[in-house]
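Asks: Let me see the structure of the following:
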Amino acid sequence: MLKIVFGDNAVGYARWRPDYPLKLFTIILKYHHGGYGTEVDLGAGTGASCIYWAKKFHSVVAVEPDSRMLRQIPNTKNVRLVCSKAEEMTMNQSSTDLVTCGNSFYWMNGQKVMRNAFDWLRAGGTFAAFRYGFPKAINGSLDECLSALLVNQWDKYRSTRLRDENYTQRLVLNSPLWASVTVQCVPNVVEMTASQLTGFLCSTSYVLRYLAGKGISKTQYSRELFNELGRFGDRFKIDFGVELVLAKKDL
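Replies: Here you go, the predicted model:
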C-alpha cells in the first residue's frame, strides 16, 4: 500500500475538509462534568477542533506529528502547538480535563493513545473520539455515482483501518480503563458545491493513493471528477454523520 502523508496536502486539507458540527462539541461538553483548565487535541491536523476548544478551556495543547499541518492552525494565544505523535506525547499525570481525537484516531495505536489519555486526565475527566466515514449524498443518483467510484476506483486503496467501521467504538468499549462509555451518532449534513466535493475527495488518503498508484495527475483527475459530479447539479447535500465515542475516567 502506497504511503500517503497528509502534510503533503496540508493546504488542500485545510481548505476542503468540512467543519465538525457545533452539536458535536455541545454534546461533548454536556457529557463532560470535569474542569475547564486544559484540553488536549490529539491529531489536531489543521485545527478543526482545537480552535473551538480554545474558546471553552483556559489552555489547549494541539498535538500533530506533521509540522505542515500545524502551520495551518490559526495563531491563538491559549493554544500551544506540539509537533509529536499522539503515542509519543508526554504530559504530566492528572493534568488534563478533556482529551479529544477526531478522524486521526483511526491512524493511531488506539490502545497506546487511550493509555496516555487516561494517565493525563484528572479524575472525572473525559476522553472523546469522533469520526465521519465515507460521504453519503442525499441525492440518490449522486450517491450511486460516489458508491460506484468507491467500488471501481478507490476502495482497493483504502486502508484496512478505514474499512473497519467499528474500530474506535470497539477499542473504547472493550478497554478496562474507563468508568463509563457511551456511543452516539451526530447528524451532520453539509451543503457543498461540486468544486468543494471534488476538493474534499481529492484530499482523502484513498483518492491520493489511487492517483499515485495509477500515475494520474491530480490536476487532470480533479477536472474529470468535477465534470462527473457536475452532472448531478451545482450544489449537493452531503451527509458526514459523526460517530462519537465518549468515555469517563472514574472519580
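Asks: helix or strand for Trp178, which one?
Replies: Counting by DSSP states H and E, there is no helix or strand that carries Trp178.
Asks: heads up, I number from 506, so please use that
Replies: All right, first residue 506 from here; so that's Trp683.
Asks: That one: what's its closest spatial neighbour, skipping adjacent residues?
Replies: Spatial nearest neighbour of Trp683, excluding adjacent residues (C-beta to C-beta, 6 or more residues apart in numbering): Ala752 at 3.9 Å. Heads up, the C-betas are built off the backbone N, CA and C, glycines and all.
Asks: Quick one: classify the one you found as helix, strand or coil.
Replies: strand (DSSP: H, G, I helix; E, B strand; the rest coil).
Asks: Let me know the distance separating it from Ser589.
Replies: Ala752 sits 22 Å away from Ser589, going by C-beta to C-beta, to the nearest Å.
Asks: Neighbour count for these two, which is higher?
Replies: The residue with the greater number of neighbours, taking Ala752 and Ser589 and applying other C-beta atoms under 10 Å, is Ala752; the counts read 25 against 14.
Asks: Could you give the bridge partners of the more buried one?
Replies: The bridge-partner assignment for Ala752, based on DSSP bridges, gives Phe632, Val686.
Asks: all helices of the stretch 556-705 of the chain, in order?
Replies: Using DSSP state H, counting those that start in this stretch, the helices assigned to the stretch 556-705 of the chain run over residues 572-575, 615-625, 645-654, 665-668, 672-679, 699-706.
Asks: okay, those in JSON lines with distance to Phe562, mean neighbour count and mean pLDDT next?
Replies: Rendered in JSON lines, the data for the helices of the stretch 556-705 of the chain read as follows (distance: least, C-beta to C-beta, whole Å; neighbours: other C-beta atoms under 10 Å; pLDDT from 0 to 100):
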{"stretch": "helix 572-575", "distance to Phe562": "19", "mean neighbour count": "18", "mean pLDDT": "90"}
{"stretch": "helix 615-625", "distance to Phe562": "14", "mean neighbour count": "20", "mean pLDDT": "97"}
{"stretch": "helix 645-654", "distance to Phe562": "37", "mean neighbour count": "15", "mean pLDDT": "98"}
{"stretch": "helix 665-668", "distance to Phe562": "29", "mean neighbour count": "13", "mean pLDDT": "85"}
{"stretch": "helix 672-679", "distance to Phe562": "22", "mean neighbour count": "16", "mean pLDDT": "95"}
{"stretch": "helix 699-706", "distance to Phe562": "29", "mean neighbour count": "20", "mean pLDDT": "95"}
